[in-house]
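# Got a predicted structure here, sequence first:
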Amino acid sequence: MRSRSVPIVLGMLLTATMTAGPAWAAGSSEPPSDGASGHRPKLTCGEPTTSVSDAPAVGSSASYDAPDVGSATVAHPDAATLHVVSTKARPGWTASVFTPNGPKVRVTFYEQAKRGSQVRLMVALDSSAKRVHVRVVTCT
C-alpha cells in the first residue's frame, strides 16, 4: 500500500509546482512596479553634471553633494579603493548605496513623494588615484 501513495504524492507536488505560476517560481526578485499596472516606471535622465577634484588623502574622507537632495561621505582607505562611509538625504528623500566599495562608488537618492524620481551620485578614482570624478544625474 505504501508504494501506491508515493506516485500520488509526487503527482500532487508536480501539479502544485506547475499551477503555482511564475510569481511563485521567481520569488521576490521582481522589480518595483507602479502599483496600478504592475509595470516598472520608465525613467528619463537628464544630462549629467561632472566635476574633477583632488581625491581625499589615503586614510581620510570627503563629502560629495548631490545638490538639493543629499550627500555622501566617501573614504579613501587605500590607494585603489573608495568606501561610502555614510549618506545624508534631505527631507523628502531617501538614500540607497548601490556600490559601497571599489574604485567607483554609487549612491542613489529617491524622492519619497514622487515615485520614480531619483538622483544618482557616482564618485570614481582616476587611474592615478590622485583625483576623483564626481558625476550627478537626475532621472524622472
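On my side now, so go ahead.
# By mean pLDDT, point me to the weakest helix or strand of the chain.
helix 22-26 (a mean of 33; mean pLDDT, DSSP states H and E).
# helix or strand right after that one?
Heading C-terminal from helix 22-26, the first helix or strand you meet, by DSSP states H and E, is strand 49-54.
# counting contacts, what elements does that next one pack onto?
Secondary-structure packing of strand 49-54 (3 or more Cβ pairs under 8 Å, 6 or more residues apart in numbering; DSSP states H and E): strand 131-139. Yep, even glycine has a C-beta here, placed from its N, CA and C like the rest.
# roughly how far out does the strand it packs on sit from the chain middle?
The chain centre lies 15 Å from the centre of strand 131-139; the measure is Cα atoms, centre = their mean, to the nearest Å.
# do the same with stretch 92-102
Offset of stretch 92-102 from its chain centre (Cα atoms, centre = their mean): 6 Å.
# try stretch 131-140
Counting by Cα atoms, centre = their mean, stretch 131-140 is centred 14 Å from the centre of its parent chain.
# Start and end of stretch 49-64, how far apart?
In stretch 49-64, first residue to last residue: 13 Å (Cα to Cα, to the nearest Å).
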